[in-house]
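Participant: I would like the atomic coordinates for the input below:
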Amino acid sequence: MFVSFSHARRSAVPPPIAVVSVLVLALSAAMFAQSSPGPQPVPLPPPIPAPLDTPYPGTIAITVNATDVDRRIVTIHEAVPVKPGKLILLYPEWFPGAHSPSGAIVQLAGLVVTANGKRIPWVRDRVSIRAFHIDVPQGTTSLDVDYQYLTPIKPQSGRFSSKMADLSWFNYVLYPAGHFSRQIHYAPSLRIPEAWKFATALEVKSQEGNLIHFKDTTLNTLVDSPVYVGINFKRVDLSSGPDNPVYLDVFADEPAQLEITSEQLQYHQNLVKEVQRLFHSKHYDHYDFLLSLSDAFSSVGIEHHQSSENSMRSNAFTDWIAGVGSRDLLPHECVHSWNGKFRRPADLWTPNFNVPMQNDLLWVYEGLTTYYGDVLAARSGLHTPEQARDLIAMTAANFEVSPGRNWRSLADTTNQPIIGRYSPQDWPSWQRSVDYYPESMLIWLDADTKIRELSGDKKSLDDFAQLFFGMDNGSYITKTYSYDDLVSALNTVQPFDWNTFFQTRVYGVSPQVPEDGITRGGYRIVFNDDVPDWVKHNDSRGAGFSRSLGFGINEEGNVDQVIWDSPAFKSGITPGMHLEAVNDQKYSATGLREAIVAAEKNNIPVKLLFKRGDAYITVSLDYHNGLRMAHLQRVDSVPDRLDAILAPSK
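Facilitator: Next up, the predicted model:
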């Protein structure tokens with residue numbers, strides 16, 4: 001048809017009537033197709049009612065049964081006071097401390113609602129999948145709500161073993177929509193396995209054998225108060241005085257792992273004193289470090305207002321040197337009682353657990369806490385001064401070989417928990433992950449030394465910490481803050497252009513690693529082949545060669561990361577490859593270190609044999625610059641501010 005039409009135009013001869021008719025019909029159909037409406041969106045269901053600061057009538061009784069140890073099945077019953085009409089029950093979505101929508105609705109099962117012995121249907125919201133709609137019949141004053149939480153069985157996924165469990169109310173509650181969490185009251189009870197012990201910040205009302213009844217509390221406090229339970233338990237008193245009761249509640253796989261030396265005990269007691277000297281206030285009745293020592297648990301470090309969830313390897317006390325890299329965990333989570341719980345960024349405070357959080361100030365919430373976690377670990381003796389300096393040097397040096405800062409700002413990494421905190425990243429040095437933790441530590445060191453320099457070493461970041469976080473001693477009511485509040489408080493302590501300071505370091509894209517705090521602190525980074533003993537001691541857990549060859553090896557011998565644009569990257573090494581041999585000898589971390597050191601002198605490439613799937617791949621890395629282990633070296637011409645920061649307070 002189109003050929004005929006084209007030919008007719010060229011020849012200027014009128015086309016046959018039939019051809020014209022077909023053409024008109026075709027054009028009409030095309031015009032009709034263009035003018036007829038396409039698919040239209042189906043209207044979304046009505047939004048879940050926004051929470052209001054009004055009381056929910058009555059107290060919800062919740063009973064959690066955690067005795068099914070072998071199958072890791074937690075059974076929950078709620079008695080919910082109601083009135084006839086529409087009711088929406090919510091399963092929590094946004095977990096405080098995770099900064100992400102991580103509520104594991106996939107683990108909830110067996111939901112059955114009854115009233116007066118009759119089953120009442122529920123309907124899941126098609127958009128807000130954690131919302132359950134219920135029509136409460138006339139004459140109904142209470143609903144019985146029964147369901148299970150199916151705790152992940154794999155150790156790397158769950159925190160429930162045959163000897164202990166970390167029980168989080170966040171995973172177990174269903175709560176009514178339309179109210180602030182502080183306006184919903186609960187009467188919680190917990191049944192634990194026979195002969196098991198428990199620890200929590202919640203106050204006990206009564207106990208009947210293995211059934212514990214806790215005092216009534218609000219939903220926000222309940223969710224903020226996990227319970228640790230287990231067979232092997234020891235409670236250690238760390239209190240600095242009768243006005244500051246603090247306890248270390250330790251649960252272990254074996255009784256022998258609970259043993260703490262007098263020296264280790266002193267370090268932890270020092271920690272409590274150092275925290276008190278830093279903030280000059282407290283916001284808890286008693287504070288509990290809930291600590292699991294287990295190789296069958298997934299790792300955890302979660303802050304709460306009056307307690308913290310912490311996990312370490314089973315040998316944390318019995319093999320003290322092995323835990324150097326994680327010794328800042330308890331200080332970090334404890335600092336959160338002030339920074340994150342008592343004081344919180346305004347956009348991270350939400351009225352209930354299904355309102356989205358905004359993470360812009362995580363570089364303060366987590367970054368400043370990371371800084372003080374490291375500082376307090378050193379001040380208390382949990383880290384030696386040399387270990388503390390090496391850890392700072394390693395952090396800075398790792399960023400020197402991580403080029404992701406060339407395209408992504410530190411501020412943007414605060415979105416990472418929402419983007420996919422637990423999603424695997426094959427190229428983290430380029431993609432950037434939760435850098436607002438370690439890089440912000442360097443920025444706050446920069447701020448601390450700047451205050452000291454400008455004030456003639458008469459003031460420090462500690463003055464800011466006391467001013468900003470040390471207010472309202474004894475209050476449990478969260479006080480929110482903004483970026484402007486932060487800048488204003490810093491200017492009160494030491495006038496300076498703090499806005500530009502943070503805008504360039506946090507919100508701008510900059511290839512420059514923030515190392516001014518190190519140099520202003522009286523040190524410089526140096527690289528050599530000296531491997532700290534605690535690093536070598538942990539070779540069985542994996543070894544890092546990121547600053548030399550450009551990759552890391554995990555405890556299974558697999559490449560767990562490759563530094564972008566490093567020698568390993570350029571040679572085609574990728575994450576997931578298994579390192580079989582080094583210079584024709586079976587791989588060991590010690591052997592690879594020796595090969596790298598030898599290559600400094602003989603100019604012979606380091607030969608590596610990898611396995612990828614069923615294929616064996618030989619790679620020769622023409623690298624001759626040594627291990628490049630990062631350390632700090634004293635610069636005598638600059639005041640020794642860093643050691644003053646790390647020294648015990650007076």
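
Participant: can you give me the domain assignment for the protein?
Facilitator: For the chain, the structural domains run 2-35, 51-230, 345-528, 533-626, going by automatic domain parsing.

Participant: could you report the neighbour count for Met496?
Facilitator: Careful, residue 496 is Phe; it's not Met. Number of residues near Phe496 (other Cβ atoms under 10 Å) recorded here: 15. Where you see a C-beta, it was placed from the backbone N, CA and C, and this is true even at glycine.

Participant: for it, what are its contacts?
Facilitator: 450-451, 454, 490 (Cβ atoms under 8 Å, 6 or more residues apart in numbering).

Participant: quote the end-to-end distance of stretch 113-124.
Facilitator: 13 Å (Cα to Cα, to the nearest Å).

Participant: ok, residues contacting that stretch?
Facilitator: Residues contacting stretch 113-124 (Cβ under 8 Å, 6+ apart): 89, 111-112, 131-137, 139-140, 142-146.

Participant: show the buried residues in these.
Facilitator: Buried subset of those (neighbour count, 16 or more other Cβ atoms under 10 Å): 89, 111, 131-134, 136, 140, 142-145.

Participant: of those residues, closest to Asp584?
Facilitator: When the buried ones among the contacts of stretch 113-124 are compared for distance to Asp584 (Cβ to Cβ), Leu111 wins out at 59.9 Å.

Participant: any idea which helix or strand carries the closest one?
Facilitator: In this assignment (DSSP states H and E), Leu111 forms part of strand 108-115.

Participant: can you give the strand pairings for that strand, parallel or anti for each?
Facilitator: strand 118-120 (antiparallel), strand 142-150 (antiparallel) (DSSP bridges).

Participant: now do the same for the following helix or strand past the shortest one: mean pLDDT, whole number.
Facilitator: Spelled out, it's strand 118-120. Following strand 118-120 in sequence order, the next helix or strand is strand 122-124 (DSSP H and E). Mean per-residue pLDDT for strand 122-124: 98.

Participant: chain center to strand 122-124, what's the gap?
Facilitator: 32 Å (Cα atoms, centre = their mean, to the nearest Å).

Participant: sheet partners, orientation included, of that strand?
Facilitator: Strand 122-124 has these strand partners (DSSP bridges): strand 131-136 (antiparallel).

Participant: other residues contacting the partner strand?
Facilitator: With Cβ under 8 Å, 6+ apart, strand 131-136 has contacts from 48, 82-91, 111, 113, 115, 120-125, 143, 174, 177, 354.

Participant: quick check: phi and psi on Arg126?
Facilitator: Main-chain dihedrals, Arg126, degrees, to the nearest 10: phi -70, psi -20.

Participant: where does the nearest residue to it once chain neighbours are set aside sit: helix, strand or coil?
Facilitator: Excluding its sequence neighbours, the residue lying closest to Arg126 (Cβ to Cβ, 6 or more residues apart in numbering) is Pro45, at 5.7 Å. At Pro45 the chain is in coil, as set by DSSP: H, G, I helix; E, B strand; the rest coil.

Participant: ok, Arg182 next?
Facilitator: Once three-state DSSP is applied, Arg182 turns out helix.

Participant: isn't it right next to Val223, touching?
Facilitator: No: Arg182 is beyond contact range of Val223, at 10.8 Å (criterion: Cβ atoms under 8 Å).

Participant: between those two, who's got more neighbours?
Facilitator: Neighbours around Arg182 and Val223, counted as other Cβ under 10 Å, are more numerous at Val223. The numbers are 24 against 17.

Participant: pretty sure the more buried one contacts Trp94?
Facilitator: No: applying Cβ under 8 Å as the test, Val223 and Trp94 come out as separate, 10.7 Å apart.

Participant: give the residues shared as contacts by the two.
Facilitator: Shared contacts of Val223 and Trp94 (Cβ under 8 Å, 6+ apart): Phe353.

Participant: where are the low-confidence patches of this protein?
Facilitator: Low-confidence segments of the chain (pLDDT under 70): 1-35, 155-157, 421-422.

Participant: measure the residue minimising distance to the centre of it to Leu167 for me?
Facilitator: The chain has Ala98 as the residue nearest its centroid, 5.0 Å off, counting by Cα atoms, centre = their mean. Applying Cβ to Cβ, to the nearest Å, the value for Ala98 to Leu167 is 17 Å.

Participant: what about the helices in the stretch 551-650 of the chain?
Facilitator: Per DSSP state H, counting those that start in this stretch, the stretch 551-650 of the chain carries helices over the ranges 567-571, 589-602, 641-646.

Participant: any chance of these in a markdown table with mean neighbour count and distance to Arg235 as columns?
Facilitator: Output for those, formatted as a markdown table (neighbours: other Cβ atoms under 10 Å; distance: least, Cβ to Cβ, whole Å):
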| stretch | mean neighbour count | distance to Arg235 |
| --- | --- | --- |
| helix 567-571 | 19 | 47 |
| helix 589-602 | 16 | 38 |
| helix 641-646 | 20 | 30 |
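
Participant: for these, give me JSON lines that also has distance to Glu400.
Facilitator: What follows is the helices of the stretch 551-650 of the chain, written out as JSON lines (distance: least, Cβ to Cβ, whole Å):
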{"stretch": "helix 567-571", "distance to Glu400": "15"}
{"stretch": "helix 589-602", "distance to Glu400": "18"}
{"stretch": "helix 641-646", "distance to Glu400": "18"}
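
Participant: picking up where we left off before, of the contacts of Phe496, which is the nearest to Asn528?
Facilitator: Of the contacts of Phe496, the one sitting nearest to Asn528 (Cβ to Cβ) turns out to be Lys450, at 28.9 Å.

Participant: just confirm that closest one is within a helix.
Facilitator: Yes: counting by three-state DSSP, Lys450 is found in a helix.

Participant: how about the strand holding Leu111: buried residues?
Facilitator: For strand 108-115, by 16+ other Cβ under 10 Å, it's 108, 111, 113, 115.

Participant: I'd say the second one and Leu143 touch.
Facilitator: No: under the criterion of Cβ under 8 Å, Leu111 lies out of contact with Leu143, with a separation of 11.7 Å.

Participant: fine by me, we can end here.
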